[in-house]
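Chemist: model this:
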Amino acid sequence: MKTRGSRIYKSLVLSALFIVAAILCRYIILTVPTIPPFFDKLLNYIRIFIYIGILSLWGVTVSRRVMQPKVRRMLTAIAMLMVFWLVIREFRYRYVLHPDLLRFLWYMYYIPMMTVPLLGVYISIFLDKEEDYRAPKYMWLICALTFILIALILTNDIHHFAFIFKDISNHNDYNYGWLYYTSTAWVYLLSAISFLTMIKKLKKPNKKTAISFIPFAFAILYGILYASRAEFVIKYLGDVTVVFCLVFAAFFESCIYCGLIRSNSRYFELLTSSVNTPIQILDKSYNVKYRSKTSEDIDTEIIKSAINKPIIIDEKNRVHTIEIKGGMAVWSEDISELLSIYETLKERREELEDRKAFLELEYEKEATHKAIAEQNRLYDLLQKKTQAQLDKIEAYMQQYKVAKTNEEKQSILAHIVVFGTFIKRRKNFVLSMENESEFSELMLTNAIAESFRALRLFSINGSYLISTNKNSISGKTLSEAYDFFEDVIEALLDEAKYINFRFCEVGGRLRINILADSQSDYSELLSRYPNLKIEYDDSTQFIFEPEGGEKNV
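Modeler: This next block holds a predicted model:
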C-alpha cells in the first residue's frame, strides 16, 4: 500500500515536470527566432493549458480534502480566481488589440491578485471555528480597503496613481506610482496576516511548518526582483500571473501539508496508528484502500447489510459503516462487554420489576389501610360531636315503640327531625374542616335555616340574622356557634314559641344573641358555657361570644 509521503512526492514530481515543460515552452517561444507561427501558438496553448490544468486539478482536490465547509469553499474560490486570472491574461495577449481594453484587462489582474490574500485571511480566521461562526467586524474594514484599492487600480487611466505612462498608447512604457507599491504591500500584508494567524492557531508546531515559509519567502523575493526589473527574472520568470498563481497554490498546499489547514488526506498515518480500532476505508466498489493493523476482512454482503444500520456478526462484534466521499468507512466494534452489561441490566430490570410489583401491592394495601383509618377517624370525630343527639334519638326511638297516641308519636318524630337536622349539618362542618380551616358565613346561615325549618314541627316561629362583615370565618368559630345554637334550642324546645337568632360583630368581636319567649332554669347551659350571659325580662336573652370570635379575617 502506498504511503501518503510517496503519493505526495509523486504529485510534486509530476507538477514540477509539467511546470518545467511549461517554462521550456516559454523559453523556446522567446529564444528561438525562426520558430513557425503555428508551432509558436501550439507551444503557448500547451503552456497555458498546463497551468490552468494544474490549478483546476488543485481546486478539485482541495474540495475533496479540506474538511471545514467554509474553508473548503474559500479555497475552491481561490482556485477559480487564479484560473480566471490566467484566462483574462490569455485574452489580453492573444485576442484583444484595442489599447484601452488591453490596459483594462491588465488592471483586472489585481482582482484575483488582491482577493486571494483576502480570502486567505478569512481562511485563517475560520480554521478552528464552528460552521455558524461569523467573521469579526474588523474584517469589514479590511474588505473595504481591499476593494477600494482594486477600484483605484481599475480606474488608473483617470488618475495614474498605480502606473504612470509616458505615452498612454504605449502601455509597455510606464513607471510605478504610489498606488502600485501600496497595493503590493497590502497583498504581502494580507498574506503575512493569514500565515501568522494560522501559525498562532497551530497547537503543536513541527518541522513541517517551516515548509509553508518557502512560498511566502519566494513571493517576497520575486516581488522585489520584479519591481527592480532584474534581467534574469524578467527574461525567465517574467510571467507574473503564472508565478503568483503557483506561489499562492503552493502556499495553501504547504499549509494543508503541515497541518495549518486541516484535511482528511492523512488516512494512512491515522489508520497505521489506530492499533485498537479495526477500521477500513473502501471505495464505491467495496475495494479496501486503507486499513488499520487490527482490521480483519469482512464479507461484502455483511458490509452491504450494515449500510442502513449496524449489524452483529457474531457473539461479540458489531459492524458499522459510514458514507464518505468516494466510498465508505467500515469498522467493527467489540461489544462483548456491552452485552455483558446488557445481561446484567436485564437481570436488574427483572428484579426491579418484581420489586415494583411488590411495592405497588404494598402501597395499595397501605392506601386502603389509611383510607379505612381516615374513615374511622372521621366517624369517631363525627360521633363525638353528635353523640348526645344520637343518644337522644335512640331514646326517642324507644319511646316511639311504646307510644299509644298519634300526638305522642308526632311529638317524638318532631324531636328526632330536629336532632337529625343538627347531626346532618354538623357532619358537613366536620368533613369540610378536614380540607379547609376558614369558611364563608353562608355555611352557618344554611345550617341555621334548615334547623328553623325543623322547628316549625313544634309550631315555633322566629327569625335569624347572620351578618359578620367578614370575608371568612374560622371553622372552629362557626362550629361552636352552631353547637351553642343547638344546645339552646334543645333547652327551649318544649316551652318556647318564638326564637330570634342573631350572629353579628359587636365591638370588633363576634357575638351570638338568642331571644326566646321562655323562662326556665338554664344552669346546665351555664355550666357548659362559662362565658354565657343570660338576661331575663319578659323573655330570655342568651348572649355568647364563641372562642376566636374576636379574630378579623
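
Chemist: Would you map the strands across the protein?
Modeler: 163-165, 174-176, 279-283, 288-291, 311-312, 317-324, 327-334, 438-439, 461-467, 473-474, 498-506, 509-516, 533-536, 540-544 (DSSP state E).

Chemist: Just say which of these is most tucked in.
Modeler: Most buried of the strands of the chain by mean neighbour count (mean count of other CB atoms under 10 Å) is strand 473-474; its value is a mean of 22. Every residue, glycine included, has its C-beta placed from N, CA and C.

Chemist: returning to what we had before: out of the strands of the chain, which comes closest to Phe126?
Modeler: Phe126 sits nearest to strand 317-324 of all those, at 22.1 Å, using CB to CB.

Chemist: quick one: strands adjacent to the closest one?
Modeler: Here strand 317-324 has these sheet partners by DSSP bridges: strand 311-312 (antiparallel), strand 327-334 (antiparallel).

Chemist: Residues touching the longest one, excluding its own?
Modeler: For strand 327-334, the external contacting residues (CB atoms under 8 Å, 6 or more residues apart in numbering) are 277-284, 289, 295-296, 298, 303, 306-307, 310, 313, 316-322.

Chemist: what's Phe484 in contact with, if anything?
Modeler: Going by CB under 8 Å, 6+ apart, Phe484 touches Ile512, Tyr529, Phe544, Pro546.

Chemist: wait, doesn't the first one sit right on Leu532?
Modeler: In this case it means Ile512. No. The criterion here is CB atoms under 8 Å, and Ile512 misses it with Leu532 at 9.4 Å.

Chemist: shared neighbours, those two?
Modeler: With CB under 8 Å, 6+ apart as the test, Ile512 and Leu532 both reach Phe542, Ile543, Phe544.

Chemist: Look up how far Lys427 lies from the residue lying closest to the second one once chain neighbours are set aside.
Modeler: Put plainly, it is Ile543. Closest residue to Ile543 apart from its sequence neighbours, by CB to CB, 6 or more residues apart in numbering: Lys533 at 4.2 Å. The gap separating Lys533 from Lys427 is 30 Å, by CB to CB, to the nearest Å.

Chemist: do Tyr110 as well
Modeler: Where Lys427 is concerned, Tyr110 sits at a distance of 100 Å (CB to CB).

Chemist: If you count surrounding residues, which of those two has more?
Modeler: Between Tyr110 and Lys427, counted using other CB atoms under 10 Å, the more crowded position is Tyr110 (24 against 15).

Chemist: Isn't the more buried one up against Ile153?
Modeler: Yes. Under the criterion of CB under 8 Å, Tyr110 makes contact with Ile153 at 4.6 Å.

Chemist: what's the overlap in contacts for these two?
Modeler: Joint contacts of Tyr110 and Ile153 (CB under 8 Å, 6+ apart) are Ser183.

Chemist: follow-up on the earlier one: residue contacts, the residue nearest to Ile543?
Modeler: Neighbour list for Lys533: Phe542, Ile543, Phe544 [criterion: CB under 8 Å, 6+ apart].
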